[in-house]
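A.B. asks: Got a sequence here, can you model it:
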Amino acid sequence: MSGPNDHHVSSSSNASHSPRPSELRRWRQHLANERAEAAIYRQLAQRRTGEERAILLELADAEARHEQHWLNLLGDQVGPPGRVPLRTLLLAFLARHFGFVFVLALIERSEARSSYDEDRDATPTMAADEDIHAEVVRALATRGRDRLSGSFRAAVFGANDGLVSNLALVLGISATGVSSHTVLATGFAGLLAGALSMGAGEYVSVSSQLELLDASTPSPDASSALPQLDMDANELALVYRARGMSADEAARRAAEVLRELGSRGDRHLGMAGPDPDRRETVGTGLRAGVSSFICFGSGAFIPVLPYLLGLGGVTALVVAAILVGIALLTTGVIVGLISGGSPVRPALRQLLIGYGAATVTYLLGLLFQTSVG
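C.D. replies: Model prediction:
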C-alpha cells in the first residue's frame, strides 16, 4: 500500500524542477496503467463473491492509490492519458468475457513485470505493493486452479491424446496405401474407441482416488470417544504416531487436544484426515469422465476432418498435420498461461511430442507397405 512518503516524493519532485516532456509522458503512462489495472480488478470482482470479491476490490483500491501518486506528480499537467499497453487491454477484455483463473494467471505475470523498482519517481512503497500484488494474485489463481484441476487435467490430457493418437493412427494407416475411405473409417473408429476408453479410465481413476480419500477420513466415532479416554494412558497419542509423528510429538499433540476438549468437544483428530479441499481439487469421477470423453473426441476429430471434407492423399495428410499442430500449440499455450508460466515451452513441447509420435507411426506404415508389397 502507498505510504505517507508518496505525497512527500510527489511534492518535492514538483518543487525541485519543472518536469521534462519525457517525464510527463512516463507519468501519464503509469497513470493510464494504474487506471486500467484498477478497472480490471473491479471487473473481476463483479464476477466473484465473498472473500475473493473483497480481496479484488482491495487490490483495485491499492491501484487507485498509485494512480493518485501520478496525479500528484502531474499536477495541472495531466493532459491526455497515456496509451494503455496492448496486454492490459487484452486483460481487460478477458476479464469481461473469459474465465477467472485464466485472467488471474495473466495478471500474475503482468504484476511480476512491474517497472517501479527501476523508476526513480515511484516510491519504494509502491514497488513493494506491486510485488505483494503479484503474490496475492498468485494465491487467488492457485485457489482457482485447485477448483478446476480435476476436470481441467482430464480435459487437457483428453484433447492432447485425441490429437496425437488419432493423427498418428491416420498417418500410419494412410502410409500403408489404403483408400481415403478406409482412412476415414479407421479415424472415426479410433475417435470413438479412444474417447470411450479415456472417459471410462478417467471415471475409474478419479472415483478410485475419491474412495481412497474417503477411506482416510477420520471416523466420527473417534472424536466422540475423546471424553472417555484414559487420561493417563492417552490412547490418542497412538493415532498421531500412526499418522507419522514421533512419540514425543504425538504425546504433545494428544495432550493439547485433551486440554482443549472441554471447550471444543467436537474437535477432530488434528492430522487424522486429509485436507477437505482435496475432494474439490480431485473433482468428481463423472465430471472428469465426461470432460475427458468430449475433449478426446474433439481432438481426435481434427485429424479426420480433411478426409471428411473429401480430401485425400498427401494433401489430406498435410492439412491434418497443420490443423493438429495449431491445436497442439493452442492447448500448450493455454496450459502455460493458466499455470502462470511461459506459454512457449509447453506449446513447443506438445507440438514436438505430437509430431514425433505421428512421424514414427507414419514411417512404420511405410515400412509395412514396403514389406507387404
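A.B. asks: same for the helix or strand where residue 186 lies, what does it pack against?
C.D. replies: In this structure, residue 186 sits in helix 180-216 according to DSSP states H and E. In terms of contacts (3 or more CB pairs under 8 Å, 6 or more residues apart in numbering; DSSP states H and E), helix 180-216 is packed against helix 124-175, helix 277-282, helix 285-308, helix 313-338. From N, CA and C alone the C-beta is placed, and that goes for glycine too.
A.B. asks: other SSEs contacting the first one?
C.D. replies: This points to helix 124-175. With 3+ CB pairs under 8 Å, 6+ apart as the test, helix 124-175 has helix 5-16, helix 50-74, helix 100-112, helix 180-216, helix 277-282, helix 285-308, helix 313-338, helix 344-372 packed against it.
A.B. asks: got the angle between that helix and helix 50-74?
C.D. replies: Here the directions of helix 124-175 and helix 50-74 differ by 120 degrees (axes from the mean of the first three to the mean of the last three CA atoms, to 10 degrees).
A.B. asks: Give me the below-cutoff pLDDT ranges for the stretch 251-373 of the chain.
C.D. replies: Applying pLDDT under 70 to the stretch 251-373 of the chain flags residues 258-284, 337-341, 370-373.
A.B. asks: Would you mark the buried spots in stretch 120-138?
C.D. replies: Going by neighbour count (16 or more other CB atoms under 10 Å), the buried part of stretch 120-138 is 121-123, 125-127, 129-130, 133-134, 136-138.
A.B. asks: Need the residues that contact stretch 188-197.
C.D. replies: Applying CB atoms under 8 Å, 6 or more residues apart in numbering, the contact partners of stretch 188-197 are 158, 161-162, 165-166, 169-170, 292-294, 296-297, 300-301, 304.
A.B. asks: Residue 23: what's its closest spatial neighbour, skipping adjacent residues?
C.D. replies: Leaving out its chain neighbours, the residue that sits closest to residue 23 by CB to CB, 6 or more residues apart in numbering is residue 121, at 7.3 Å.
A.B. asks: mind checking the SS state of that neighbour?
C.D. replies: Secondary structure, DSSP: H, G, I helix; E, B strand; the rest coil: residue 121 is coil.
A.B. asks: can you give me phi and psi for it?
C.D. replies: The phi/psi pair for residue 121 (degrees, to the nearest 10) reads phi -90, psi -10.
A.B. asks: returning to that earlier point: quick one: mean pLDDT over the helix holding residue 186.
C.D. replies: The pLDDT scores in helix 180-216 average 82.
A.B. asks: now the angle between helix 313-338 and that helix, please.
C.D. replies: Inter-element angle recorded for helix 180-216 and helix 313-338: 20 degrees (by the same axes, to 10 degrees).
A.B. asks: and helix 180-216 with helix 285-308, angle?
C.D. replies: 170 degrees.
A.B. asks: how much space between residue 254 and residue 244?
C.D. replies: Separation of residue 254 from residue 244 (CB to CB, to the nearest Å): 14 Å.
A.B. asks: now swap in residue 130 and tell me
C.D. replies: Applying CB to CB to residue 130 and residue 244 gives a distance of 40 Å.
A.B. asks: CA atoms of stretch 299-317 as CSV?
C.D. replies: C-alpha atoms of stretch 299-317 as CSV (Å, rounded to 0.1, in the frame of the first residue of the first chain):
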residue,chain,number,x,y,z
GLY,A,299,-9.2,-33.6,-30.5
ALA,A,300,-9.4,-36.9,-32.4
PHE,A,301,-11.9,-35.3,-34.8
ILE,A,302,-9.4,-32.8,-36.2
PRO,A,303,-7.1,-35.4,-38.0
VAL,A,304,-10.1,-37.0,-39.8
LEU,A,305,-11.6,-33.6,-40.8
PRO,A,306,-9.7,-33.3,-44.1
TYR,A,307,-10.9,-36.8,-45.2
LEU,A,308,-14.4,-36.0,-44.2
LEU,A,309,-14.3,-32.9,-46.4
GLY,A,310,-13.3,-35.1,-49.4
LEU,A,311,-9.5,-34.5,-49.4
GLY,A,312,-7.2,-37.4,-49.9
GLY,A,313,-3.5,-38.5,-50.4
VAL,A,314,-0.7,-36.2,-49.5
THR,A,315,-3.0,-33.1,-49.4
ALA,A,316,-5.2,-34.6,-46.6
LEU,A,317,-2.1,-35.6,-44.6
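A.B. asks: what comes up buried for that stretch?
C.D. replies: Residues 299, 300, 301, 302, 303, 304, 305, 306, 307, 311, 316, 317 are the ones in stretch 299-317 that count as buried (16+ other CB under 10 Å).
A.B. asks: For residue 35, state which of those is nearest.
C.D. replies: Taking CB to CB as the measure, residue 35 sits nearest to residue 299 out of the buried residues of stretch 299-317, at 40.9 Å.
A.B. asks: Residue 166 is in contact with the closest one, correct?
C.D. replies: Yes - applying CB atoms under 8 Å, one finds residue 299 in contact with residue 166, separated by 7.3 Å.
A.B. asks: which residues does residue 300 contact?
C.D. replies: Contact analysis of residue 300 by CB under 8 Å, 6+ apart lists 162, 163, 165, 166, 187, 190, 191, 194, 195.
A.B. asks: Buried subset of those as a PyMOL selection?
C.D. replies: Selecting the buried subset of the contacts of residue 300 in PyMOL, with 16+ other CB under 10 Å as the burial test, is done by:
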select buried, resi 162+163+165+166+187+190+191+194+195
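A.B. asks: related to what we said a few turns ago, including distance to residue 62 and pLDDT, could the buried residues of stretch 120-138 go into JSON lines?
C.D. replies: JSON lines is the format used below for the buried residues of stretch 120-138 (distance: CB to CB, whole Å; pLDDT from 0 to 100):
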{"residue": "121", "distance to residue 62": "18", "pLDDT": "84"}
{"residue": "122", "distance to residue 62": "14", "pLDDT": "85"}
{"residue": "123", "distance to residue 62": "13", "pLDDT": "85"}
{"residue": "125", "distance to residue 62": "10", "pLDDT": "85"}
{"residue": "126", "distance to residue 62": "9", "pLDDT": "85"}
{"residue": "127", "distance to residue 62": "13", "pLDDT": "82"}
{"residue": "129", "distance to residue 62": "6", "pLDDT": "83"}
{"residue": "130", "distance to residue 62": "9", "pLDDT": "80"}
{"residue": "133", "distance to residue 62": "7", "pLDDT": "81"}
{"residue": "134", "distance to residue 62": "12", "pLDDT": "78"}
{"residue": "136", "distance to residue 62": "9", "pLDDT": "84"}
{"residue": "137", "distance to residue 62": "12", "pLDDT": "81"}
{"residue": "138", "distance to residue 62": "16", "pLDDT": "78"}
